[in-house]
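J.: Following is a predicted model, sequence given first.
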Amino acid sequence: MTHSPETLRVSTPGRVCLFGEHQDYLLLPVIPCAISRRISIAGTRRHDAQVHLALPDINSKISFSLTGTLGYREERDYFRSAVNVLRRNGFSFSTGFDAVVRGEIPINSGTSSSTALVVTWVNFLAQMSDQPRVLPPEEYARYAHAAEVLEFHEPGGMMDHYSTACGGVIFLRFHPALRIEKLNPNPPLQSIVLGDSNEPKDTKGILNRVKNGVLNMTQKIAARYPEFSLHTVALSDLDHYTGGLDAGQRSLLWGTLRNRDITAEALALFRQRNFDHRQLGTLLNACQAVLREHLKISTPKIDRMIDAALRAGAYGGKINGSGGGGCMFVYAPENPEAVAHAIERAGGKAYIVQVDHGTRNEAIEIDS
């Protein structure tokens, strides 16, 4: 018989989206990369049904009881929603926990801090439940997506959940079915420099503008041309389908398809026998041009941070996450410290990171 651990520490990485920003919710492929800044939950079992969570990084505490139905108290009540999702999937909780949540992922910056938190909590709960199990990372991702996105009718996709749960560099294809491919470039990826602009993001607003804009156009075009599909239409054939669209709509749709094609080029690069690190930078720059000029999700400050990093020797870079603020990153295998300093001189906060593994158990270290 398997017993729940009395104490447990779990951590999960943040992520950058190398290629395919604003593609996953359209069921178009993406290439994300887990990074070496993580969120951890360390906890001990209680003898009652109370849950007491300390979040010292944000000077907050959360408490609730596991008895009865868990109603939501706030807009994104992820701690309760994860319990509800796991209960619906066969887990039960006869005792609660005292736990501490700590993080080193920039918050509200496009590096998946909220998703890493939810994946960590799902992992923690699954192992501390009455049916303790270490799950495959794909299951943690699926439950976390349900708890974070589906439960609250959010507009986001599944990239963050699979990237942070699985770790490494992965290729995610969502159509016609989910496919996960681990990408192991040879030689391996080296330093990435993350730059936080400290500009707040309007994630919901941008997701709604870009997502709804593309979906509405696709629906309108498909009503006239049933063969039209974002998965198959060639960029060179787009003019045939866009007669009823204005210039802004055509630009957004063109950018979506160009983004798709750059992701395909990047996948081919990662699959090559000898990985070309300079070509990775070239493709990142091409992607940034699309995100800036067509999806219009970059900002002047982030553009300046990227330009400064490139002048300091980075191979290429782009905005990260939904955009409108938050983080950018550059690939900087040579002298990443100089690149980080350049980003900070341009007004950002820089972090040198590496590719990291996914959600995992850590050595027990319970903080008071």
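T.: Yep, it's here.
J.: Now the element after the longest helix seen in the chain, going C-ward?
T.: Identified as the longest helix of the chain according to DSSP state H is helix 247-271. Later in the chain than helix 247-271, the nearest helix or strand by DSSP states H and E is helix 277-293.
J.: Mean confidence (pLDDT) on that next one, please.
T.: Helix 277-293 shows a mean pLDDT of 98 in the predicted model.
J.: Please point out which parts of the helix or strand just after that helix sit buried.
T.: Next helix or strand after helix 277-293 toward the C-terminus (DSSP H and E): helix 300-311. Buried residues in helix 300-311, counted by 16 or more other Cβ atoms under 10 Å: Lys301, Ile302, Arg304, Met305, Ile306, Ala308, Ala309, Leu310. Heads up, the C-betas are built off the backbone N, CA and C, glycines and all.
J.: Quick check: which helices or strands does the longest helix of the chain pack against?
T.: Secondary structure elements in contact with helix 247-271, counted by 3 or more Cβ pairs under 8 Å, 6 or more residues apart in numbering; DSSP states H and E, are strand 7-19, strand 31-45, strand 169-173, strand 179-183, helix 203-224, helix 277-293.
J.: The residue lying closest to Ser191 once chain neighbours are set aside and Ala314, how far apart?
T.: Leaving aside its sequence neighbours, Ser191 sits nearest to Pro336 (Cβ to Cβ, 6 or more residues apart in numbering; 3.9 Å). Taking Cβ to Cβ, to the nearest Å as the measure, Pro336 falls 8 Å from Ala314.
J.: Who has more neighbours out of the two?
T.: Comparing Pro336 with Ala314 by other Cβ atoms under 10 Å, the one with more neighbours is Ala314, at 30 against 23.
J.: Pretty sure that one sits against Leu284.
T.: No. Ala314 lies out of contact with Leu284 (Cβ atoms under 8 Å); the separation is 9.1 Å.
J.: Give the residues shared as contacts by those two.
T.: Counting by Cβ atoms under 8 Å, 6 or more residues apart in numbering, the shared contacts of Ala314 and Leu284 are Val330, Tyr331.
J.: pLDDT below threshold where in this structure?
T.: 1-3, 364-368 (pLDDT under 70).
J.: Which of the three states applies to the residue most central in space within it?
T.: Compute the mean C-alpha point of the chain, and by Cα atoms, centre = their mean the closest residue is Asp160, 2.9 Å away. Classification of Asp160 by DSSP: H, G, I helix; E, B strand; the rest coil places it in helix.
J.: ok now do it, which residues does it touch?
T.: Asp160 neighbours (Cβ under 8 Å, 6+ apart): Arg15, Pro32, Ser112, Thr115.
J.: The second one and Ser163 touch, don't they?
T.: Yes. With the criterion set as Cβ under 8 Å, Pro32 and Ser163 qualify as a contacting pair; they are 3.7 Å apart.
J.: quick one on the thing from earlier: out of the contacts of Asp160, who's the most crowded?
T.: With neighbours taken as other Cβ under 10 Å, the top of these is Arg15, carrying 33 neighbours.
J.: Surely that one and Cys33 touch.
T.: Yes. Under the criterion of Cβ under 8 Å, Arg15 makes contact with Cys33 at 6.3 Å.
J.: Report the set of residues contacting both of those two.
T.: Shared contacts of Arg15 and Cys33, defined by Cβ under 8 Å, 6+ apart, comprise Ser163.
J.: SS state for Phe64?
T.: The assignment at Phe64 comes out as strand when based on three-state DSSP.
J.: residues near the closest residue to it other than its chain neighbours, how many?
T.: Distances taken as Cβ to Cβ, 6+ apart place Val51 nearest to Phe64, at 5.4 Å, with adjacent residues excluded. When counting by other Cβ under 10 Å, one arrives at 23 neighbours for Val51.
J.: Quick one: list the elements packing against the helix or strand where Val51 lies.
T.: Per DSSP H and E: Val51 is located in strand 50-55. Applying 3+ Cβ pairs under 8 Å, 6+ apart, we find strand 50-55 packed against strand 60-65, strand 97-103.
J.: Tell me the buried residues in it?
T.: Val51, Leu53, Ala54, Leu55.
J.: burial measure for the closest residue in space to the second one that isn't next to it in sequence, as a count.
T.: What that stands for is Leu53. Leaving aside its chain neighbours, Leu53 sits nearest to Ile62 (4.4 Å; criterion: Cβ to Cβ, 6+ apart). Ile62: 17 surrounding residues under other Cβ under 10 Å.
J.: Number of residues surrounding Met159?
T.: The local packing of Met159 (other Cβ under 10 Å) involves 26 other residues.
J.: Tell me how far His161 lies from Leu125.
T.: Computed as Cβ to Cβ, the His161 to Leu125 distance reads 15 Å.
J.: who has more neighbours, the two?
T.: Of the pair His161 and Leu125, His161 is the one with more neighbours under other Cβ under 10 Å, namely 30 against 26.
J.: dump the residue contacts of that one.
T.: Residues in contact with His161 (Cβ under 8 Å, 6+ apart) are Thr115, Val118, Val119, Tyr140, Ala141, Arg142, Ala144, His145, Glu148.
J.: Tell me how many other residues surround Tyr72.
T.: The burial count for Tyr72: 14, using other Cβ under 10 Å.
J.: if you skip the residues just before and after it, what's nearest to it?
T.: Arg80 (5.9 Å).
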